[in-house]
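> Quick one, fold the following:
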Amino acid sequence: MNMNLFQDIRAGVLEALEAMAAAGELPEGLPTANVTVEPPRDSAHGDMATNAALVLAKGAGAKPRDIAAALAGRLASDPRIESAEVAGPGFLNIRLVNEVWSGLVDAVRNSENYGRSRIGEGRNVNVEFVSANPTGPLHVGHARGAVFGDALASLLEFTGYKVTREYYINDGGAQVDVLARSAFERYREACGLDPEIADGMYPGSYLMPVGKALTERFGDSLLEQPEESWLSEVRSFATGSMMDMIREDLAALGIEMDVFFSEKSLYGTGRIEKALGTLSERGLLYEGILDPPKGKMPDDWEPRRQTLFRSTDHGDDMDRPVRKSDGSWTYFASDIAYHFDKVSRGYDTLINVFGADHSGYVKRMKAVVSALSDSRVPLDIKVMQLVRLYRNGAPFKMSKREGNFVTLRDVVDQVGPDVTRLVMLMRRNDAALDFDLDRVLEQSKDNPVFYIQYAHARVRSVLRKAEEFGISHDQPPVIEDVAELAVARKIAEWPRLVETAVRSHEPHRVAFYLHELAAEFHALWNRGNESPNLRFVQESDPAASAGKTALPKAVGVVISAGLGILGVNPVEHMH
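Sure thing, here's the model as predicted:
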C-alpha cells in the first residue's frame, strides 16, 4: 500500500548492518532508530543518503568512514543499488539502478493510494479551529485558520486517523450581550425608528436582516419593554443568525464541522464545577494572591485573593486565576471545563488552531490539558499569524468594530475557494501571509497557485492527446534523461513527505512539495520543446510514447492526491 522507496532502502541498509553485526564487523544490538535514509542535500551526490555510519560510530568504537566503507561493500550486492560512495565525515551516498525508478513510476501511475499510510490507524484526533465569536461574518483572518484546520484534518485522515472537526462557540461572554443590543437597534430601525449605535457596539450592516427578522417574529412588541425582558431572547436569536451565517461562510470554502460546542452549555450546568473539582482533587487549586505581572496587565489579574490553578506544575510561567475574588468564574474556567469535556471524550490527541491574538493562552491551555489527562493526551496548539490583504500592491484595512472589514466571503467571491485555500497554505502558519487579490489570479510562474494547477492541466492534456492517438499505457515507463530522473525522484519523496507533515501537523509542507514537483515537471516539459525525443506524445512513434506517458500520469496521481488533502479541486484544462 505504501510504496515508500525511502523506507524500502532503509530496510535494506538495516539488513546490511545486521549482516555486519553477525559477521563480527559491528557489535551486536547497536540502536538503529536514528538511522535515516533521505534525499541528499544536493541531487548531484546521488539519489539517497544515509547517516548510518555517523549514528553507529560511537557505540561501535570505530571511525564513521570505516563503517561507511564496509556498509558500502555490503550494499553493493543489493540489486536495487547501482553504487554507494562514502562522503564527508561518513555519509553514504546511494545511487539506484534505473529499473527501480521505472518500477516506482509504473506502480504510482496505477495507484489511488500512493502516499497513504496506516500510521494513524485506531487513533482519534480532535481538531478545533475557527471558533470565531458569533458576532458577525468571518473575516479574511478567520479564513486562514479555517483552511489550515480543515487541511490538517484531511492530512490526518489520509494517514488513517479518525478526525473530529470542531468549532467552539463563544456564546457565554459579554460580547454576545453587545451583539444583542446592536441587533436590537437594527430591530428598532426596521420598526421605523433611528438606530442608536453607541460606541463599542457592532455597527455592521450585516445585522440589518437580523433586525428585520426580529420584526417578523415580534412585530413592534419589544419596543416598549425594558432590556432585561428582551435581552436573552434577542441574544439567542442573534447568535443563532450569526452562526447560520458562519456555517454558510465555511461552506463557501468547502468546510463542514462535525461538532459545534456551545460555551453557554457549560454555565449553570455543573460542568465547570466538575472540571475544577478534578483539578482540586489533584491538589492543583489553591487560594492566593498573584504577584503583579511584568509588562502588559492581563484582564484577570487582581490584587486580592483568588482561586488559582497551579499551572506552573505543568510548564506554565505563572499560576492562573480560575475564580475571581467576587466568586465569579474567569474566562479560563470555562476553557478548562471545555477541555475537560474533550479529554473525557477519549481522544488520543487534541489540536487547537488559534489566531495570533490568542498566543498568550498557549502555555496555560497545554498545562491544563496535561493536568486533566495526567499528561496522557498531548495538546498541540497551532498559532495562525495575520493575513495582510493587498489590491494592486496597496494594503487593505479591516476592523470588525467599524463594520468595514474584509470578509471571508468577499475574498472567496473574488478569487474562488480553490485559489483562496491554496494561497492560505503556501506559507507556514507561524509566518504572516500577504494575500494580493490581483496577483493570485495572474497566469504566471510567479503565482504558485497557477504554477501547480498548470502542471496538473498539462498532465491531463498529455493523457487526452495519448488517447486521441490510441497510445497504450501498458509499456514499462522510460526514465533515461536527467530531467525525467528528477521528476521520478520527486515522486519518490511523496510518502515520506506526507508522514513528516502529519507528525509535525504542518499541511503547508504538502503545498510546498506540490510546487517543487510542478517545477520539476515544467522543466521536463520545457526540455521536450528543445529535444523532441523527450516529448511525452510522439505521433510518429507510438511505442516510445507508450513508455513516456507513464511519468506524467504518475505526476497527475500525486498532484491530485496532494490537492485533495489541501481541499483544492485539480483543474483539467487551462487556456
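
> which residues of the stretch 51-200 of the chain fall in helices?
Listed in chain order, the helices of the stretch 51-200 of the chain (DSSP state H, counting those that start in this stretch) span 52-60, 64-75, 98-109, 140-158, 174-190.

> Now residue 389. Its backbone dihedrals?
phi -90, psi 140 (degrees, to the nearest 10).

> residue contacts, it?
Contact partners of residue 389, counting by C-beta atoms under 8 Å, 6 or more residues apart in numbering, are 140, 395-396, 398, 406, 411, 435-437. In this view, the C-beta of every residue, glycine as well, is placed from N, C-alpha and C.

> Among those residues, name the buried ones.
With burial judged by 16 or more other C-beta atoms under 10 Å, the buried subset of the contacts of residue 389 is 140, 396, 398, 406, 411, 435-437.

> Select, from these, the two members most distant in space.
Comparing every pair within these by C-beta to C-beta identifies 398 and 436 as the most remote, at 15.1 Å.

> what stretches of this protein score poorly on pLDDT?
Scanning the chain with the threshold set as pLDDT under 70 gives 1-2, 297-300, 397-404, 575.

> export the buried ones among the contacts of residue 389 to TSV and tack on secondary structure and distance to residue 20?
Rendered in TSV, the data for the buried ones among the contacts of residue 389 read as follows (DSSP: H, G, I helix; E, B strand; the rest coil; distance: C-beta to C-beta, whole Å):
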residue	secondary structure	distance to residue 20
140	helix	57
396	coil	62
398	coil	63
406	coil	62
411	helix	58
435	strand	54
436	strand	56
437	coil	59
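
> from the residues you listed, which single one is nearest residue 39?
Of all the buried ones among the contacts of residue 389, residue 39 sits closest to residue 435, with 31.0 Å by C-beta to C-beta.

> Show the secondary-structure elements that the longest helix along the chain is packed against.
When the chain is parsed with DSSP state H, its longest helix is helix 227-252. Taking 3 or more C-beta pairs under 8 Å, 6 or more residues apart in numbering; DSSP states H and E as the contact definition, the neighbouring helices and strands of helix 227-252 are helix 174-190, helix 208-218, helix 408-415.

> do you know how far residue 361 is from residue 372?
With distances defined as C-beta to C-beta, to the nearest Å, the gap from residue 361 to residue 372 amounts to 16 Å.

> And for residue 329?
According to C-beta to C-beta, residue 329 and residue 372 sit 16 Å apart.

> more crowded one of those two?
When neighbours are counted by other C-beta atoms under 10 Å, residue 329 and residue 372 differ, and residue 372 comes out ahead with 25 against 20.

> ok, now how distant is the more buried one from residue 246?
28 Å.

> and if you look at residue 163?
In this structure, residue 163 and residue 246 are separated by 20 Å, where distance is defined by C-beta to C-beta.

> and these two? which has more neighbours close in?
The neighbour count for residue 163 versus residue 246, taken as other C-beta under 10 Å, is higher for residue 246 (25 against 21).

> who are the neighbours in contact with the residue lying closest to that one once chain neighbours are set aside?
With C-beta to C-beta, 6 or more residues apart in numbering as the criterion, residue 246 has its nearest non-adjacent residue at 5.9 Å, and that residue is residue 138. With contacts taken as C-beta under 8 Å, 6+ apart, residue 138 has the following neighbours: 130, 132, 146, 246, 249-250, 407-409.

> Reformat these as JSON lines; add distance to residue 52.
As requested, the contacts of residue 138 are exported to JSON lines (distance: C-beta to C-beta, whole Å):
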{"residue": "130", "distance to residue 52": "45"}
{"residue": "132", "distance to residue 52": "49"}
{"residue": "146", "distance to residue 52": "43"}
{"residue": "246", "distance to residue 52": "52"}
{"residue": "249", "distance to residue 52": "51"}
{"residue": "250", "distance to residue 52": "48"}
{"residue": "407", "distance to residue 52": "54"}
{"residue": "408", "distance to residue 52": "49"}
{"residue": "409", "distance to residue 52": "54"}
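
> Which of those ranks first by neighbour count?
residue 146 (29 neighbours).

> That one is in contact with residue 130, isn't it?
Yes - Residue 146 is within contact range of residue 130, at 4.9 Å (criterion: C-beta atoms under 8 Å).

> so what's in contact with those two at the same time?
Residues within reach of residue 146 and of residue 130 at once, by C-beta under 8 Å, 6+ apart, are 138, 250.

> Show me where the stretch 201-350 of the chain has its strands.
Using DSSP state E, counting those that start in this stretch, the strands of the stretch 201-350 of the chain run over 259-262, 285-288, 306-309, 320-323, 349-355.

> Make TSV out of these and add distance to residue 491 and mean neighbour count.
Compiled in TSV, the strands of the stretch 201-350 of the chain are given as follows (distance: least, C-beta to C-beta, whole Å; neighbours: other C-beta atoms under 10 Å):
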stretch	distance to residue 491	mean neighbour count
strand 259-262	37	15
strand 285-288	55	14
strand 306-309	50	22
strand 320-323	49	23
strand 349-355	29	22
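
> Figure out which of these is closest to residue 189.
Each of the strands of the stretch 201-350 of the chain was scored for nearness to residue 189 using C-beta to C-beta, and the closest is strand 259-262 (28.5 Å).

> Parallel or antiparallel, which strands does that closest one pair with?
Listed by DSSP bridges, the sheet partners of strand 259-262 and their directions read strand 162-169 (parallel).

> Export the strand it pairs with to PDB, keeping only CA atoms.
Extracted C-alpha coordinates of strand 162-169, given in PDB (Å, rounded to 0.1, in the frame of the first residue of the first chain):
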ATOM      1  CA  LYS A 162     -10.200   9.300  12.700                       C
ATOM      2  CA  VAL A 163     -10.700  13.100  13.000                       C
ATOM      3  CA  THR A 164     -13.400  15.300  14.600                       C
ATOM      4  CA  ARG A 165     -13.600  18.900  13.200                       C
ATOM      5  CA  GLU A 166     -14.900  21.000  16.000                       C
ATOM      6  CA  TYR A 167     -16.000  24.700  16.400                       C
ATOM      7  CA  TYR A 168     -16.200  26.200  19.900                       C
ATOM      8  CA  ILE A 169     -19.000  28.800  20.000                       C
END
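
> Kindly calculate the angle that that strand makes with helix 140-158.
Regarding strand 162-169 and helix 140-158, their directions subtend 160 degrees when assessed with axes from the mean of the first three to the mean of the last three C-alpha atoms, to 10 degrees.

> Please work out which residues outside strand 162-169 touch it.
Residues lying outside strand 162-169 but in contact with it, judged by C-beta under 8 Å, 6+ apart, are 120, 123-131, 134, 149-150, 153, 156-157, 239, 243, 255-264, 338, 347.

> one more time with 6 Å
Strand 162-169 has contacts (C-beta atoms under 6 Å, 6 or more residues apart in numbering) with 124-128, 130-131, 134, 153, 156-157, 257-262.

> With stretch 446-453 instead?
Identification of contacts with stretch 446-453 by C-beta under 6 Å, 6+ apart yields 419, 422, 426, 440, 443, 445, 514-515, 518, 571.
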